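Participant: Structure for the following, please:
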Amino acid sequence: MLDIRFIRENPEAVKENIKKKFQDSKLPLVDEVIDLDAKRRAAIAEADQLRSNRNTLSKQIGMLMGQAKKDPAKLEEAEAVKRQVKEQADRLAELEHQEAELEQELHHRLLLIPQIIDPSVPIGKDDSENVEVERFGDATVPDFPIPYHTELMESFDGIDMDAAGRVSGNGFYYLLGDIARLHEAVLAYGRDFMIGKGFTYCIPPFMIHGNVVEGVMSQTDMEGMMYKIEGEDLYLIGTSEHSMIGRFIDQILPVENLPQTLTSYSPCFRKEKGAHGIEERGVYRIHQFEKQEMIVVCKPEESKDWYEKLWQYSVELFRSLDIPVRQLECCSGDLADLKVKSCDIEAWSPRQQKFFEVCSCSNLGDAQARRLRIRYKDENGKMQLCHTLNNTCVAPPRMLIAFLENNLQADGSVRIPEVLRPYMGGKTQLTPKA
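Facilitator: Residues are numbered from 1 along each chain as shown. Here you go, the predicted structure:
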């Protein structure tokens, strides 16, 4: 959400940013916001004047009532002033109601105007125009066939989607045996990897209030992702970022406690609306999964450096598991409205012979902090908004697809990289059951 003063003073820059995001339907919002803001400020100014008048007139009534003991004519004059006070009180009540309505309308429209993107963001309409920046590791294709990921898991008796369908419906799964253990191993390894980088490990609430949802994500994303608890002001989180950033709502953080560097575990729940291709079946796009996340809350001047660090941590982690990856810069049309800059880390799929997303790193600038009022006092004692960033650490089971395909051997076994062996009871490989 942009500062209303910025919109008021830079309307053309805000409109140009909307055009860069290919959201021309939102262009009228800028003029609507400026008009609503002008009306709101006029109502506030008139109301303040009436409040000031009320104090003056009240003193005048008291003086006239005192004088009426000696001069009865003053009593009639006092009654006239009382009528004036009543008229102004009615007008003040009207203005206060009008001010509340204008504030609500203004806030709703401000939520729809996208954040100003970083100048370095490539301009493009959608994810097809995202830009590859760099590759890490050799993206090779073995000389033996690689089964579809659910077939791979089934060879280890590691998945049961049929039973999950009967119990919960499509988009759910049971993980079993070595595959379930591998799932927990990569989460534990991701946790310890981030702790080793100096991050504090957290387990947050898995449900949040509606005002926190509004503060951490765009309205469009909310509709397509979030599950609401019926009859309560609670939503299941789609990622632990939502709950972790919500932790700081209405807080003034001591500057000496910045940056806050946190790594959080949670289950994630998503509607995942829309049709998806064959490669997104199985456990690629599901309603429930688990994830280890990276969260940073910092001073504005530090956020660009943290953005670079976060996506590089993803590369380092995946390469330690012998998975080739690439960094893909998200173009303007692929950025969610709250994001200033974002990139995906994509893992190599030797079966598909292409890369697919496993991490998403985002700098949200002050967008979430403005909505949730997350602030700190700078060295001069001036109140400032924090910047927030997030990045996926590991998100199995999608990450398991990349792991299994890249570590699959010709005999059907799966090699366990050295860094993961302590989390797998010392196993060096997984052996198929059939």
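Participant: how far out from the middle of the chain is the helix or strand of the chain with the lowest mean pLDDT?
Facilitator: Ranking every helix and strand in the chain by mean pLDDT, DSSP states H and E puts helix 219-225 at the bottom, with a mean of 72. Taking the mean of its C-alpha atoms, helix 219-225 sits 11 Å from the chain's own mean (CA atoms, centre = their mean, to the nearest Å).
Participant: Downstream of that helix, the next helix or strand is which one?
Facilitator: For helix 219-225, the following helix or strand on the C-terminal side (DSSP states H and E) is strand 227-228.
Participant: Can you list the strands that that next one pairs with?
Facilitator: strand 235-236 (antiparallel) (DSSP bridges).
Participant: Give me the mean pLDDT for the partner strand.
Facilitator: Strand 235-236 carries an average pLDDT of 96.
Participant: so after it, what's the next helix or strand?
Facilitator: helix 240-246.
Participant: which other helices and strands contact that next one?
Facilitator: Under the contact definition 3 or more CB pairs under 8 Å, 6 or more residues apart in numbering; DSSP states H and E, helix 240-246 sits against strand 207-208, helix 210-216, strand 260-269, strand 288-298, helix 367-372, strand 387-394. Heads up, the C-betas are built off the backbone N, CA and C, glycines and all.
Participant: rerun at 10 Å
Facilitator: strand 200-202, strand 207-208, helix 210-216, strand 260-269, strand 288-298, helix 367-372, strand 387-394 (3 or more CB pairs under 10 Å, 6 or more residues apart in numbering; DSSP states H and E).
Participant: can I get the CA coordinates of the fourth one in PDB?
Facilitator: Taking only C-alpha atoms (Å, rounded to 0.1, in the frame of the first residue of the first chain), the coordinates of strand 260-269 have been written out as PDB:
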ATOM      1  CA  GLN A 260      15.100  -9.600  12.500                       C
ATOM      2  CA  THR A 261      16.200 -12.700  10.700                       C
ATOM      3  CA  LEU A 262      13.900 -15.700  11.200                       C
ATOM      4  CA  THR A 263      13.400 -19.100   9.700                       C
ATOM      5  CA  SER A 264       9.900 -20.600  10.300                       C
ATOM      6  CA  TYR A 265       8.300 -24.000   9.900                       C
ATOM      7  CA  SER A 266       4.600 -24.500   9.200                       C
ATOM      8  CA  PRO A 267       2.100 -26.500   7.300                       C
ATOM      9  CA  CYS A 268       0.600 -24.500   4.400                       C
ATOM     10  CA  PHE A 269      -3.000 -24.600   3.100                       C
END
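Participant: Give the buried residues for it.
Facilitator: 260, 261, 262, 263, 264, 265, 266, 268, 269 (16 or more other CB atoms under 10 Å).
Participant: In the sheet, which strands lie alongside it, parallel or antiparallel?
Facilitator: strand 200-202 (parallel), strand 288-298 (antiparallel).
Participant: Out of those, which is the most enclosed?
Facilitator: When the strands paired with strand 260-269 are scored by mean count of other CB atoms under 10 Å, the highest mean neighbour count falls to strand 288-298 (a mean of 23).
Participant: Go through the helix or strand following that one and flag the buried ones.
Facilitator: Counting by DSSP H and E, the next helix or strand C-terminal to strand 288-298 is helix 303-320. Across helix 303-320, burial judged by 16+ other CB under 10 Å covers 303, 304, 306, 307, 309, 310, 311, 313, 314, 315, 317, 318.
Participant: Please report how far the third one lies from residue 387.
Facilitator: It refers to residue 306. Separation of residue 306 from residue 387 (CB to CB, to the nearest Å): 8 Å.
Participant: Next, show the common contact partners of the two.
Facilitator: Common neighbours of residue 306 and residue 387, using CB atoms under 10 Å, 6 or more residues apart in numbering, are 259, 296, 297, 298, 299, 363.
Participant: In a markdown table: those residues, plus distance to residue 105 and pLDDT.
Facilitator: Formatted as a markdown table, the shared contacts of residue 306 and residue 387 follow (distance: CB to CB, whole Å; pLDDT from 0 to 100):
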| residue | distance to residue 105 | pLDDT |
| --- | --- | --- |
| 259 | 36 | 97 |
| 296 | 34 | 98 |
| 297 | 30 | 98 |
| 298 | 33 | 98 |
| 299 | 33 | 97 |
| 363 | 30 | 98 |
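Participant: which residues touch residue 367?
Facilitator: Applying CB under 10 Å, 6+ apart, the residues contacting residue 367 are 1-2, 114-116, 215-218, 336-340, 385, 387-388.
Participant: 6 Å instead, please
Facilitator: Residues near residue 367 by CB atoms under 6 Å, 6 or more residues apart in numbering: 115, 338.
Participant: Relative to residue 182, how far out is it?
Facilitator: 36 Å.
Participant: Any stretches of the stretch 1-150 of the chain with poor pLDDT?
Facilitator: 54-82 (pLDDT under 70).
Participant: what ranges do the strands span in it?
Facilitator: Here the stretch 1-150 of the chain has its strands, by DSSP state E, counting those that start in this stretch, at 131-136.
Participant: which residue ranges form the helices in it?
Facilitator: For the stretch 1-150 of the chain, the helices defined by DSSP state H, counting those that start in this stretch cover 4-9, 11-20, 27-67, 73-112, 149-154.
Participant: what pLDDT does residue 268 get?
Facilitator: In this model, residue 268 is scored at 94, pLDDT.
Participant: Tell me the bridge partners for it.
Facilitator: Beta-bridge pairing for residue 268 (DSSP bridges): residue 289.
Participant: likewise residue 236?
Facilitator: Beta-bridge partners of residue 236, as defined by DSSP bridges: residue 207, residue 227.
Participant: residues touching it, list them.
Facilitator: Taking CB under 6 Å, 6+ apart, we find residue 236 in contact with 207, 227, 269.
Participant: Tell me the spacing between it and residue 83.
Facilitator: 57 Å.
Participant: With distance to residue 412 and pLDDT added, can I get the buried residues of helix 303-320 in JSON lines?
Facilitator: Output for those, formatted as JSON lines (distance: CB to CB, whole Å; pLDDT from 0 to 100):
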{"residue": "303", "distance to residue 412": "46", "pLDDT": "97"}
{"residue": "304", "distance to residue 412": "46", "pLDDT": "97"}
{"residue": "306", "distance to residue 412": "42", "pLDDT": "98"}
{"residue": "307", "distance to residue 412": "40", "pLDDT": "98"}
{"residue": "309", "distance to residue 412": "38", "pLDDT": "98"}
{"residue": "310", "distance to residue 412": "36", "pLDDT": "98"}
{"residue": "311", "distance to residue 412": "34", "pLDDT": "98"}
{"residue": "313", "distance to residue 412": "32", "pLDDT": "98"}
{"residue": "314", "distance to residue 412": "29", "pLDDT": "97"}
{"residue": "315", "distance to residue 412": "29", "pLDDT": "98"}
{"residue": "317", "distance to residue 412": "26", "pLDDT": "98"}
{"residue": "318", "distance to residue 412": "23", "pLDDT": "97"}
